[in-house]
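1. what's the 3D shape of this:
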Amino acid sequence: MPRFTARHESLPLTAPFRISRGVKTAAEVVVVEAEQDGVVGRGEAVPYARYGETVESVLAQVRSGELPPGAARNAIDLALWDLRARLEGRSVAEITGRPLPDEIVTAVTVSLDEPEVMHAAALAVADAALIKVKVNDERVEERIRAVVAAAPDARLIVDPNEGWDFDLLDALQPVLADLNIDLLEQPIPAADDGRLEGYRPAIPICADEAAHVSADLEALRGRYQAVNIKLDKAGGLTEALVMLERARALGFQVMTGCMVASSLAIVPALHIAGASDFADLDGPWWIKADRPGGVRVEHGRLYRPARGFWGEP
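-> All right, here's what the predicted structure looks like:
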């Protein structure tokens, strides 16, 4: 049986990361190692306050073995996948049949700020093919147009992080259609998304905070057109693979997303991203010093890690 250890790591960011719920200057992650017969597998997860998680609560869950879907289960699940690959001498891609792409287009995030600051941030990534724009419920059109003006050729995802109400969502439909936004991510609180039942939006709406595990998806039909699969919500790659299959069976578009984290958290998600319509995996791009051998994010493209970084013997 594997022996588990867990620790907290604080990874400073290159710049403040702002969303409608707050700002962070470091990624607070939990790293789990699973050791068996001298072989070690690693997993990383991000405790998220939106779901009632803290570093302390996640570490306590890891140590107690009480593992509902969330960060603790994710860290353990990923450590076990990595350990299995190293013990069996075959990659996670070979085991799952989900190839690890050599490179993919990933959204790069322009975090919430004053419109002129967002314009400058978008100018810096204007060569990216896909940009995610973080907004709240204030000066929404001005903020989005500031990004569009700076990066007119980029496709856009707009993400209010549950920061709108239904009336604002409805009022902004003409603006979103005019700006040719590709996807609107979780505009209203998950608890209020009954208002979306039967609603016909101008652009597809993606469930994020409303979609954690595969069992959630059936109830989201008729409310959302896409779902965001995050390993930290699902509780690991094991459930994320099931969620991907179920989402496709129900006719959803799929985004693979992430928290702000290092490559150790992102590489496992690439097995889902290779079969997704959208990837939002720029977490390591925000980290001042990513883990050696991890992914590279350049010009809106994410390149696979060095051989053996995670999930490979």
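
2. the helices in the stretch 151-300 of the chain, which residues?
-> For the stretch 151-300 of the chain, the helices defined by DSSP state H, counting those that start in this stretch cover 166-171, 173-178, 231-234, 237-249, 263-266, 270-273.

3. against which helices or strands is the helix ranked longest in the chain packed?
-> Ranked by residue count and defined by DSSP state H, the top helix of the chain is helix 71-88. Helix 71-88 is packed against strand 3-19, strand 22-36, strand 39-45, helix 55-64, helix 92-96, helix 231-234, helix 237-249, with contacts defined by 3 or more Cβ pairs under 8 Å, 6 or more residues apart in numbering; DSSP states H and E. C-beta: built from backbone N, CA, C; applies to glycine.

4. deepest-packed of those, please.
-> Comparing the helices and strands packed on helix 71-88 by mean neighbour count (mean count of other Cβ atoms under 10 Å), helix 231-234 comes out on top with a mean of 28.

5. mind giving me the packing neighbours of that one?
-> Counting contacts by 3+ Cβ pairs under 8 Å, 6+ apart, helix 231-234 packs against helix 71-88, helix 237-249.

6. a markdown table for those, including mean pLDDT and distance to residue 162?
-> Output for those, formatted as a markdown table (pLDDT from 0 to 100; distance: least, Cβ to Cβ, whole Å):
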| stretch | mean pLDDT | distance to residue 162 |
| --- | --- | --- |
| helix 71-88 | 98 | 19 |
| helix 237-249 | 98 | 20 |
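
7. quick one, the longest helix of the chain and strand 39-45 angle?
-> Between helix 71-88 and strand 39-45, the angle comes out at 150 degrees (axes from the mean of the first three to the mean of the last three Cα atoms, to 10 degrees).

8. do you know how far the closest residue to residue 246 other than its chain neighbours is from residue 239?
-> The shortest distance from residue 246 to any residue other than its chain neighbours is 4.3 Å, reached at residue 214 (Cβ to Cβ, 6 or more residues apart in numbering). Noted for residue 214: a distance of 7 Å to residue 239, by Cβ to Cβ, to the nearest Å.

9. now residue 283
-> From residue 283 to residue 239 the distance is 19 Å (Cβ to Cβ).

10. ok, now residue 163?
-> From residue 163 to residue 239 the distance is 27 Å (Cβ to Cβ).

11. what of residue 312?
-> From residue 312 to residue 239 the distance is 22 Å (Cβ to Cβ).

12. give me the neighbour count for residue 219.
-> 13 (other Cβ atoms under 10 Å).

13. list the contacts of it.
-> If a contact means Cβ atoms under 8 Å, 6 or more residues apart in numbering, then residue 219 has no contacts.

14. could you list every residue that touches the residue located most distally from the centre of the chain?
-> Here the chain reaches farthest from its C-alpha mean at residue 37, the gap being 33.0 Å by Cα atoms, centre = their mean. Counting by Cβ under 8 Å, 6+ apart, residue 37 touches residue 87.

15. gap between it and residue 222?
-> Applying Cβ to Cβ to residue 37 and residue 222 gives a distance of 50 Å.

16. let's have the helices and strands packed on helix 231-234 in JSON lines, adding distance to residue 48.
-> Rendered in JSON lines, the data for the helices and strands packed on helix 231-234 read as follows (distance: least, Cβ to Cβ, whole Å):
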{"stretch": "helix 71-88", "distance to residue 48": "7"}
{"stretch": "helix 237-249", "distance to residue 48": "16"}
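
17. residue 153 is nearest to which of those?
-> Closest approach to residue 153 among the helices and strands packed on helix 231-234 (Cβ to Cβ): helix 237-249, 29.0 Å.
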